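In: Next come a sequence and a model predicted from it.
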Amino acid sequence: METNYLVTGLTCQHCVNAVTSELSDVPGVESVSIDLVAGGASRVTVTAAQPLDFAAVQAAVAEASDNYTVTEA
C-alpha cells in the first residue's frame, strides 16, 4: 500500500536521507521515496504492508528535524 505525504522544509540530500531513515524505522514501512523540491513541498511516497498511523509518520518526520512539517497529500 502506497501513501503520499508532502513534507516542507527539506533543502538538500542530507534532509532526504534523514527523513528516509526515520520513516524507514516506522513499523510496517517497506520503502520510502522522496522527490526533493528544495524550499517547497517535497512528495514523500511510503510503501507499507498496512495503513500507517499518521501520528507515527508525523513523529518520524519531527525526529528527523523540528524544521520539517508533514501533511497528507
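Out: On my side now, so go ahead. Residues are numbered from 1 along each chain as shown.

In: So what does the spatially closest residue to Val70 that is not a sequence neighbour look like in phi/psi?
Out: In space, Val70 comes closest to Val61 once its chain neighbours are excluded; the distance is 4.4 Å by CB to CB, 6 or more residues apart in numbering. Where C-beta positions appear, they are placed from N, C-alpha and C, glycine not excepted. Val61 adopts backbone torsions of phi -70, psi -40, taken as degrees, to the nearest 10.

In: you'd agree Val61 is up against Val19?
Out: Yes. Judged on CB atoms under 8 Å, Val61 makes contact with Val19 at a distance of 6.0 Å.

In: the more surrounded of those two?
Out: Per other CB atoms under 10 Å, whichever of Val61 and Val19 has more neighbours is Val19, with 26 against 23.

In: thinking again about what came up before, next, show the common contact partners of Val61 and Val19.
Out: Val7, Tyr68 (CB atoms under 8 Å, 6 or more residues apart in numbering).

In: what's the residue nearest to Val70 in contact with, if anything?
Out: Val7, Val19, Glu22, Leu23, Tyr68, Thr69, Val70.

In: Try it again at 10 Å.
Out: For Val61, the contact set (CB atoms under 10 Å, 6 or more residues apart in numbering) comprises 5, 7, 9-10, 18-19, 22-23, 26, 44, 68-70.

In: again with Ser31
Out: Glu2, Thr20, Leu23, Ser24, Thr45, Val46, Thr47, Ala48.

In: what's the answer for Val26, then?
Out: By CB under 10 Å, 6+ apart, Val26 lies in contact with Val32, Val46, Ala48, Leu52, Asp53, Ala56, Val57, Ala59, Ala60, Val61, Glu63.
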